[in-house]
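S.K.: Okay, predicted coordinates and the sequence, questions at the end:
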Amino acid sequence: MSEVRTTQVDLSGLMTVLGEHLYSTPTVALRELVQNAHDAITRRRLEAPQAPSEPRIEVRLDRARGTLTVLDTGAGLTRQEIIDYLATVGAGYTRLLRQRTAQDDLIGFFGLGFLSAFVVSERIEVRTTSWQTPGEAWLYRSRDGERYTLETCPPGPIGSEVELTLKERFRPLLEGDALAGLLRRFCSLLPLPVFLGGEQINAEPPPWRGTLSGARLATARREFVARFEHRFEPLCIIPVEPTEKSDLRGLLWVQDARTWGTSDNRNLSVFVRGMMLDDDARELLPAWAGFVGGVVESSKLTPTASREDLQRDGAWDAAHEHLVEALVSGLARVARDEPEAWRRVLLRHNEPLIGCALSDERLMTLLGDQLTVPTSEGDLPVREVLRRSAGRAYVSLGVRGGFEEMLFRALKTPIAAGSRYGVLSLLRDYTARHGGVVVELGTEEGNRHVFHAATVSGEDRAFLEAALLRPGQRLVPARFEPRVLPLVLVPDRDAELKARLESDEADRRIGASVLKLARLHTQKFDAKARADLYVNLDSPAVEALLARRADGVEACAAGTRLLRSLVALMAGWDEGSGRVDLTSALDDFSATACTLLAR
Amino acid sequence: MDVWAWLHDKEEALRKQGEHRLAWLVTELPGVMLELRFQEFDALLPEALALARAHGDPWLEVYFRHWDLQSRVFGRMHGERALRDAVSLVDFSHGPETSSCPQSVCSVQDLAACYGVVDGPGWAPERLEVTKDTLARIDPTWACFACISDEHASALRDAGRTDDALAFIDASARRHLTPGTPAFERFCERSRISLLTDLGRYDEALALADRLLALDDEDESKTLMRRTQRALLLARMGRFEESADGLPSWARWHAACEMYPMWSECAVLLVRGGVLANDSTLSAIFRTMTERLDGNGAVRALFEVAARQLELALARRSAWAARRALQSMERAVPRLRAPLDAPARLEALRSALAQLDATPPALPFGTAEAFLASLPQEDPETDLPLLELASARWPDDEQVWLMHAAALKGAGCRADALALLDARLRAGQAGEETLNHMGSLLLTASPQEFEAWEATVRAQVSEPALRVLPTYWRGARALELKRWKDAIAAFEQVLEVRPEVATPRRFLARALLRSGGGVGAAERARAQFTALEERGELEPRDNWDRMTAATIVGDWAQVRALAAELELDVDPGEGPIDEAWARCLLSVEGENGELVELSAIRTGPVTARISSLNFFEDGRSRFGEVWVFDAQPLNEGPSDDADEETQRNHRWIYPAVFQLAPSARRARFLTGPEPAEPALLGEALEAHDVVWSEYTADEGELDWLLAVPHTLDDDALEKLVAPLRIAGPEAAE
C-alpha cells in the first residue's frame, strides 16, 4: 500500500523561516532528531511499561551515501500517528503526552523538531514499527516535508529509524570529528545511552550525578569542563547545587585568560531535561562575571519557540539568582580552600573583580583587601595606598594632572588613577568600610584635605594680602607639605561658573528660560574671588616675609615679586585658565634675578 | 539633528582612529545605565570623561556628562545634589565648541528634570517655560523630542493640569506616530500611565501597562517602571494579591530611587490591604528610602515618602520610627519651593504623633538594672521607645544610654548613636565605657570625624586615664590599616598613662612583631609579654606570639619551652629548629607592598622555608628564604562539610614577619626549542644544585624556571646548557 499525502499546513515559506531564523544552525536539526528519539523511548516506557526493550539511540553516518541516520528503540509510530504528529506542524506528540502525564522527562515541545531536518536534507525516510502494531511497519518518504508518501514495509524491531540524505552543502558535516564532538556535547547529559559508530558517547554521567568524591571527582570535573571550554583553562571549578528555589545543577569555572574591567568571556551551556538547549546563555550569569564559564542543567527553564534560547520568566529569574549565589559562595570557598588557585584568579582578573566587589557586598568583604589599583607608584592594594599616605587615598581624575598631583608625585605619595575602571568607586567603598578618606585632587573638597586651614592675625593677613594678592584672588592661610612650597593658587570653579553664566555673553548663547533656571542656582555662590591663594605658613619664605612686616610692603618688593611670579608660573600649567599673565610673571622673575645678581 | 546618526558615525570614526575603548564606552554606557547597573556606570564614567577630554572632543564630553545626569537625575533621583553639575553642563554644552552638538538640547532637559526632582510642583512654572521654549526649537525628528515632551507633560501634571497633560501627550504623539502602534504607546508612557491613574481611568491604564510589558523591551529601567506602575495600579484597584505578586523586589532594585515614590505608595496600600506586613523590615526599607532621598535632595519625594513612613509607624504604634519620619518631613518642608499643603499635613501628622506620645508604653520597673535585664533585645525598633523612656527616667545611668546607643546602631542609625553619646560626653558624664563605645563606633570613620572626637574629649575630660582612651582607638584604627608605626606610637602613649591595662600592651606587642622592626622590635615585644606574665594576664594564644618574638631574637630555648607548653612535638636539643612540618603558604611583601603568597614548608612552630620557584624584580628568587611568621593565619580552616581531600589539601596562609635566612639563589628562565633529551638537561642542572620546574609546556618548546645557586654564575650556567643545544639563560623579569 502506498499513498501520497500533504502535510496539514502550508509549508511554503515555513521552511525558510525554520532554516534562517527559528533554527539558526543545521546542527540543531541533529539535536532535534536525537531529542525525538529520546522522547520516543520515554513514551514507550510510559505507555508500555511491561514491554521488554533495551533503550538505545544510535547515530550512523554514511559518508559515501551522504546520509545521517538516527535509530531508536522507542515506541514507534502507527500510520495514524504519522499523519497526526509527524506531519502536523505544532502538534508534537510530546506536548500532548506531557500534558497528559505531567512527565518532566520529555524534551521536545513544539512538533517543529522533525521538520527542522528538512532544512538540511534533500530527502528523508522514516521506517517505523509501533509497539501497538508490531505486525506492521511504515515507510515515510518526503523531499520537502510538504508532500510525502506513506507505504508499508517489512516489520522490524519496535522503534524508528530516521535517515536524512543531506543536501550537498551540508555533507562536509559528515567529515572529520565535528559531528561527533557536537553530539558528545549535546548528549552528554542525556540519561539514555547514545551510540555513534558503535561507541557510546555519553557513557560518563556528568560529575554532579555520579557518586565520585575526592581526587576522582576533581578529575571528573576537569575532564567534563574540558568538553565545553575550548578557549580557556579553568583556574578553579565551582559546583552548582540545587536549592529550594531553583533546581539548577552543574559546574561553573573561572577562566585563565587575563581579563580587563569590562571583558566579557562569559559562556554558559544550559541543558533542559538532559538536552543542550543553549550554548550561549551568558545572560544567565551575572554581568560582572566576565571571566566565568559554566554548564548547568534544569528541568524548570523554558525554551523559547526557537528552542535555542530561554524564556525570561520566573524560572529564569530564579536560575539567575541561583548562579549569583553559587558564584559568590563558590569564590569564597576557593579563597578559603584553594589559596594557590585563588591567587591566580586575583592575578588574572583584578579589574573585573573590582566590578564584582562593587556589585555584591559579600564579594567586597572577600576581595576588598586583595584587589589592587593602579597608582603613580605602581599597582598597589588599597590598604597599601592608605598606609602610605596616612589614611588618605589621593586620586587623580584628569588625564593631565593638576598642580597638586605633581606635588604628590614629587613626594612619592601614591596617587590612584581615578579615571581607570572602578578605582574611584572601590576606594570610596573601601574607606567607608575600613576608615580613611578619598581625596579627589583638584576639587574643592580635595583641597580641604591637602591644605590644612590655619589662622593668622589681622595684621599679618592684611600684610600678606597687600604683598601677594592680585585682583580676583582670595588669601587662604594654610599649612601643607612640602614646607619649601610657599604659595599655591587654586581656581574657585563655582565662582568661575557664576561669572560665566551671569555675563551678558551667556544671554547670547543660552536660551532665556533655561538661563534663568541656571542663574537661580549660581546666585547662591559667593563669587567675590575667582581663585584662592593658599599661603603656606610652614614655609621658610613665608616666615621670612612675615618677619619683615614692620618694614612695610615696599621694602619686601623683590621677594614678593619673586614669590608672585612663582605662583603665576606654576598656575600657568593649568592650560586655558586665563587666570595668570605668564609674560609679566617671567618679566618679574627675570627682573628680580637681575636685581639679586647685581648685588 | 539626529543624535543616533551622529553617535553611529562617531563610533565608527573612533574605531578607525584606533580609539576602540572610547568607541566601546560611547555605545556601552547608556546601556549600562538603562539596565540600572549604577555601580558599573560609576565605575566606567571617570574613564569615559578622561578619554573624551584626552581625545579633545567636547561633544563627547557633553554626551557622557549628559548620560551621567540621566543616571543620577532620573535613575537615582539626585535633585539638589546634581544641580551644580546640571547647571555646569548647560554652560558647557552652550559654548562655542559645543552649541551645535545634538546633545546640547538634552542638557536643558537634564536641568529642568533636576529641578523637577527637587520639587516638581514647586518648579512647575519654570519647567513648563523651559520645555515649551525647547520644543519650539525642535521637531519630532529629534531624538530628544520624546524626552522633552515627557518632561513637559510631567510639569503639567505637577502643575495639577492632568487633562492638559494627557491631551498634550496625545497631540505630540500624533505629530509623528500612528495611534495603536507600539511606538505610539511607548511615547511618554510613564506619564501617560500615571495620568490615567490620576484620573481614575484604571482599566485603561492597566491595559496600557500590560500591552507595554508584553512588548518585552530589553530596557531594564523601563520594565521596572512598568512593573511598579502596574503594581501600584492594581493596589489602587484593590487587587492587593496581584499587586504584591507583581511589585518588583526591593532587594534587587533598591538603587533605583526613581521607583521610591510609587513603590512606597504601593507598599502602604498593600499594608492597608493586609497583604504586606507592617514590620521592622518594611520600616528599615522606608528608612533607607528617606535617607537616600534626603541626601539626594529629592525634596518633594522625601516629604511624600516620609509621610507614608510616618503613617506606617503610627499604625505600628512605633513612636520612635514615627519621630524619625517626622524629622525627615521637617527637613523637607523649608526646602520645598512651593510648600502647598505640606505644612498642614506636617501639622496633622505631628498631632497624631503627639497623641501616640500621650499614651506612652508603661515602664513597670523600679530600677534601671531590672529594666535592662527585661529588655528583649530582638528588634531595635521595639526596644527603642522603651529605651527612650528609660533614658528620660534614669538620665544619669551609663548602662541605659549605652544600651540606647547600641539599639540605635542596631537600627542602622550610627550617627544618632554617636550623637547620643556625644551629648553625654559634652555634659561631662562620659565614663570609660561610653568613651570606648564611641571609639568603636568611630573605628572606621573618616579622619576628620575621628579627630573631632579627640578634640572634644580633650576639651571635656580632665582625668588622664580617660583622656588617653581616644589614643587607644587611634591605635586600633592604625592596626585596621596595618599602619604599624602609628599603632606602636599610640599604644605606647596609652601605656604610659594606663600601664595596668592588658589589651593595649598585647596590641603593642603584636604591632611590634608585625612592624618589620627586626630584633629590636621583637625584644620590645618580649618585654611587653614579660610585663603581662608578671601581672598574670597572659592568654594561651600569647604563647604563639611569644614564640614568634623568641624566634626572631634567636632564643631557641624559650621557643622549645613554649612549644612544650602548647604540646607541640619539637625535637629536643639546642639551637635553631629546622624540621619538616606541614606545607603552608607564606604571605610576603612584593616590591610594591603587594602581598604575595608563596608555597613553603614549615620548619618549626612559627618558621617556614619558601619551597616554590618564583621570580621577582631583577631576577631575584625567593626560593629557600626562611621566615618567621605570625601564627594567626590569614585564612579560615576548611569548611566542616568539605570532603576529605579538601581537608587534606588545605593549607594555612601565614603573614611572614621576619626573614631568618635569605635565598642563596637567583631566578633564571630557560626558553627555546626542547632538546632531544630533556632528561639529560634535568640531570645536568640537578648535578649543579639548580632547582627547576617546567613553567609552561607548549609542544616542542622548553620554558623552564630555575632557581640557580649563587655559586653558579650565568656564564657557567650557559656552558652547562649550551651542549644541550638550547638558548642560554634569560634573567627573569
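M.R.: Looks like it came in fine. Residues are numbered from 1 along each chain as shown, chains lettered A, B, ... in the order given.
S.K.: Next, the buried residues of stretch B:220-238.
M.R.: Within stretch B:220-238, the residues scored as buried using 16 or more other C-beta atoms under 10 Å in any protein chain shown are B:220-237. Every residue, glycine included, has its C-beta placed from N, CA and C.
S.K.: where in the chain is pLDDT low?
M.R.: Reading this off chain A. Along chain A, segments meeting pLDDT under 70 span A:1-27, A:85-113, A:261-262, A:304-308, A:398-404, A:571-580.
S.K.: other chain: chain B
M.R.: Applying pLDDT under 70 to chain B flags residues B:1-2, B:216, B:218, B:592-594, B:695-702, B:723-733.
S.K.: let's see 50
M.R.: Residues of chain B that meet the criterion pLDDT under 50 lie in B:732-733.
S.K.: now the strands for it?
M.R.: For chain B, applying DSSP state E gives strands covering B:583-589, B:595-602, B:607-610, B:626-629, B:653-661, B:665-673, B:691-694, B:701-709, B:730-731.
S.K.: Run the angle between the first one and strand B:653-661 for me.
M.R.: Taking axes from the mean of the first three to the mean of the last three C-alpha atoms, to 10 degrees, one finds strand B:583-589 and strand B:653-661 inclined to each other by 80 degrees.
S.K.: Check which residues of strand B:583-589 are buried.
M.R.: B:584-588.
S.K.: ok, so of those residues, who is nearest chain A?
M.R.: Set against chain A, the nearest of the buried residues of strand B:583-589 by C-beta to the nearest C-beta is B:Leu585 (5.2 Å).
S.K.: quick one: that closest one and B:Ser599 touch, right?
M.R.: Yes - assessed by C-beta atoms under 8 Å, B:Leu585 is found in contact with B:Ser599 at 6.1 Å.
S.K.: Now the common contact residues for the two.
M.R.: Common neighbours of B:Leu585 and B:Ser599, using C-beta atoms under 8 Å, 6 or more residues apart in numbering or on different chains, are A:340, B:651.
S.K.: Give me every residue in the stretch 101-250 of chain A lying close to chain B.
M.R.: A:213-215, A:217-218 (C-beta under 8 Å from any C-beta of the partner chain).
S.K.: Recalculate using a threshold of 10 Å.
M.R.: With C-beta under 10 Å from any C-beta of the partner chain as the criterion, the stretch 101-250 of chain A meets chain B at residues A:213-218.
S.K.: ok, the residues you listed vs chain B, which is closest?
M.R.: A:Gly214 (3.9 Å).
S.K.: Name all residues that make contact with that closest one.
M.R.: B:643-646, B:648-649 (C-beta atoms under 10 Å, 6 or more residues apart in numbering or on different chains).
S.K.: Look up the closest residue to the residue of the stretch 351-500 of chain B at minimum distance from chain A, ignoring the ones flanking it.
M.R.: Closest residue of the stretch 351-500 of chain B to chain A, C-beta to the nearest C-beta: B:Thr444 (4.2 Å). Using C-beta to C-beta, 6 or more residues apart in numbering or on different chains and skipping residues adjacent in sequence, the residue nearest B:Thr444 is A:Gly435, 4.2 Å away.
S.K.: Give me the phi and psi for that neighbour.
M.R.: With angles defined as degrees, to the nearest 10, A:Gly435 sits at phi 90, psi 170.
S.K.: Could you verify my assumption that it touches B:Asp486?
M.R.: No - counting by C-beta atoms under 10 Å, A:Gly435 does not reach B:Asp486; the two are 12.0 Å apart.
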